[in-house]
Structures are given as C-alpha cells and as structure tokens.
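>>> any chance you could fold what I've pasted below:
(one chain, ligands or ions: 1)
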Amino acid sequence: MDVRLALTGFGNVGQGVATLLAERSNDYHRRYGVRLLLTGVADRGGAAVDSKGLEPQVVLDTKRRTGTVSNSGQGSPNLAGTRFLEASGAQILLEAASTNFDDAEPGWSYAREGLAQGMDLVFASKGALVLHWGELMEQASSAGRIVKFSATVGAPLPELELAKYVLIGTDITGFEGILNATSNYILSAMTDGSTYAQAVRQAQDIGIAETDPTLDVDGWDAAAKAVIVANALLGADLRLSDVPRQGIRDVDRPALQEAELAGEAIKLIARATKTPNGVLARVGRERRPLADVLGSLRDDQMGVVLHAEPLGAVATTVQSTGGLATALTLLRDVVNLSRERGWAPILPK
Ligand SMILES: NC(=O)c1ccc[n+]([C@@H]2O[C@H](COP(=O)([O-])OP(=O)(O)OC[C@H]3O[C@@H](n4cnc5c(N)ncnc54)[C@H](OP(=O)(O)O)[C@@H]3O)[C@@H](O)[C@H]2O)c1
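Numbers count the residues shown, from 1 in each chain. Just a heads-up that it's a prediction; the model follows:
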C-alpha cells in the first residue's frame, strides 16, 4: 500500500530520510509491503510538495544546490504550516526540524496541525514531547491518531519497542542509560588524555557535537530523553524542571583517569525509578565498573538498562548514532505504525 509522508526539517535527519527513500524505497516495499512516498518536505526556506510523491534524490540535489527544498517539485518559498500539510496530502507527518525547550517550535505547531488534518505523527524532535506530553497525547488519542517517537530517545536505541513488544507481562520499574552520545564521546576522549576543549572539538569534527554543545554537555538532552522515556514507559507526567541535572563541563581529567585505574569509568547517566512518591528522575555523573553494561560503553555508543520485574535488568546498546541512524529509526516507526494501521502486513515478507 502507498503511505504518504510529509517531512518537516531537511537537515542531517531529514536528508537521511530522503537518502534512504532514494536508495532503498524498493527494498521497503518488497520487505515490508509499504510504498513510502515523500509528498512534502519543508525547511526554513519554504517547502516542496507533490501529492503523487516527490523524487527524493531531486529534493536532495536541489537542497544542496540552492540551500532550500522550495526550488523543487511544486515548491514555493511561501509554503509552510497548514497550507504545506494540506498540499502534501500525507497520512504521516515526520517532524525532524530543529527544536528548543522554550516553546518547542516549529514542531509543536506542526504536530497540532497534523493531528487536526488527520495525520499520524512520527517525531525526531523532542521539544513538543518534553513540553507538551499530556496535551499532545490527549489530543492524539481523542483524534484517534498514533504518535511514535523512537528517534527522540537515543536513536537507534530500541527501548520503547523493547518495552512494548518484548517485555510483555513484566512491570517496568525504572531505567538507567547513557542517552547522550556527545557527552559519552567527550568523557572517553578525556579519559584517553584529551583536554575538555580538545574533546569537544574532536566531537564537533566528527559531526556529533553542535557548534554550541550546551544542550549535550550540560545534560539537557539526556534529561529531555529521560522525561520522554519516563512518561512513555513508567506512566509519569514529568517536565524538564522535574529532573535534577548535572553535566560534564566541570569533570576533571585526573578524576577520569583515577576511575580508570580502579577499573571504573565516569559516565553521564540518565535514570528514573517508580517510587511510592511518584516517578523520580535525574541526570548525573556516576562511577560505573568497566565490566558493567553502561560502564563499558565508549565513544559515541549509547545504551539503556530497563528494570523489568520479575526479569530484572534487560539491556540494549548501540554503536552507531547520527543523522542516518536517526532516519532509519524514523522509518522504523513509519513501518510499525503502518502495521498498526493495517497498511502493511504484520509479518515481514
Ligand atoms: N542529528 C541527530 O542525530 C538527531 C538524533 C535524534 C534526534 N534529532 C533531532 O532531530 C531534529 C533534526 O535534527 P538535525 O540533526 O537534522 O538538525 P539540523 O541538521 O540542524 O536540521 C534542522 C532542520 O530544521 C529545519 N527547520 C528549522 N526551522 C524550521 C521551520 N520553522 N520550518 C521548517 N523547517 C525548519 C532547518 O531548515 P534549514 O535547512 O532551512 O535551515 C533544517 O533543515 C532536531 O530536533 C534534533 O534534535 C537529531
């Protein structure tokens, strides 16, 4: 079946989605029974739409050549918001624009408008989920819409699917994880001898840290992910302000090296636990044995341990992060959503 996708944001992640569709859409069709059509793409310069499906490679080439997608398809610099979504005729909105934790825009407006137009939502951006969790889920549920967000919680980590499809019959009482690849990379580089400034620069050089790494190194990104995972898996209704936060800016090399000599590593851990007083979450530095699942994760690796009674700890880790891994995670949500909607067979071919 055809599944029409509107994409907001065409940076690393959005271009990763278009690259996957350009190179592998036949593969998705053959293996999962869905023909994924990109019917709209928006960036800050406007949008391109074609309800029959844009040519992803043409959109990529146009973006690279002219700086905006609005010069491809039936594109326009004035196309945005409601009119863009209407013109795309999409069933699913993929929200992959830059975001913030002040007003969650443009994702929050796009999400509400997508719901109003009968679209299901798949998020890469965290802002709307972190600032408006309850309202968003309520609006989606009363509109009969599905919201997926695996790409927001350490893509391509599968902790949400682990809970939903694997840990059936268990009670998840908490989790702990390395959910921010940039800070883990910096801590590893500093343990190996780099100064903080050198480690940040290396992370920027390999494309995992922003020019301004504040959200990563001050723990905001990990705290946002902790909020989303706690709300999704522990039934919490946390806000960012509910999560005490420590970052890695003031960690010193001697402390990292002393920990290593003792067979341990200093890690930035996001955790949340169900308690009689509600769900408590925090982000902070912890010394972990190098033999422990989280203590052993180096460079830009990430991992989560779910505590699921009566099984105990169930862990999942990933090696590969970044734009393409996140794009794969968005399309994984699209395929699973299509299965839930009956647009795709449950069992792969
Ligand atoms: N990169 C990752 O590995 C990763 C992983 C998980 C989640 N995420 C999240 O995914 C989102 C995208 O990440 P990214 O790495 O692709 O960021 P990026 O490279 O900075 O791209 C952001 C995109 O958002 C577009 N944008 C900004 N404001 C917009 C608006 N008002 N309307 C339409 N488009 C707008 C930008 O347009 P222009 O191109 O015109 O500037 C750009 O194409 C972010 O929210 C990020 O936090 C990223």
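>>> switch to C-alpha atoms for all contacts and neighbour counts from now on
Will do.
>>> not counting sequence-adjacent ones, nearest residue to the residue in the stretch 201-349 of the chain positioned nearest to the ligand?
Closest to the ligand within the stretch 201-349 of the chain is residue 322: 3.4 Å, counting by Cα to the nearest ligand atom. Nearest non-adjacent residue to residue 322, counting by Cα to Cα, 6 or more residues apart in numbering: residue 208, 6.8 Å away.
>>> kindly report the residues of the protein close to the ligand.
With Cα under 6 Å from any ligand atom as the criterion, the chain meets the ligand at residues 8-14, 42-45, 68, 96-99, 106, 124-125, 151-152, 155, 322-323, 326.
>>> filter the residues you listed down to the buried ones.
For the residues of the chain next to the ligand, a burial check counting by 16 or more other Cα atoms under 10 Å picks out 8-10, 12-14, 42-45, 68, 96-99, 106, 124-125, 151-152, 155, 322-323, 326.
>>> of those, which belong to helices?
12-14, 323, 326 (DSSP state H).
>>> sorry, back to before: show me what contacts the residue of the stretch 201-349 of the chain closest to the ligand?
Each residue near residue 322 by Cα atoms under 8 Å, 6 or more residues apart in numbering is listed here: 13, 155, 208.
>>> how near is it to residue 316?
17 Å (Cα to Cα, to the nearest Å).
>>> in stretch 234-252, which residues are buried?
Judged by neighbour count using 16+ other Cα under 10 Å, the buried positions of stretch 234-252 are 234, 236-240, 243, 245-249.
>>> list just the nearest of the residues you listed to residue 290.
Checking the buried residues of stretch 234-252 against residue 290 with Cα to Cα, the nearest one is residue 248 at 18.6 Å.
>>> now the closest one. Nearest residue, chain neighbours left out?
Excluding its sequence neighbours, the residue lying closest to residue 248 (Cα to Cα, 6+ apart) is residue 217, at 5.5 Å.
>>> tell me the pLDDT at the one you found?
As summarised for this prediction, residue 217 has a pLDDT of 97.
>>> grab the nearest non-local neighbour of residue 75.
Nearest residue to residue 75, sequence neighbours excluded (Cα to Cα, 6+ apart): residue 48, at 3.8 Å.
>>> name the element that neighbour belongs to?
strand 46-49 (DSSP states H and E).
>>> the residue nearest to residue 114 when sequence neighbours are not counted pairs with what?
Using Cα to Cα, 6+ apart and skipping the chain neighbours, the partner closest in space to residue 114 is residue 93 (6.5 Å). Counting by DSSP bridges, residue 93 is bridged to residue 6, residue 121.
>>> I'd like to know how many residues surround residue 93.
28 (other Cα atoms under 10 Å).
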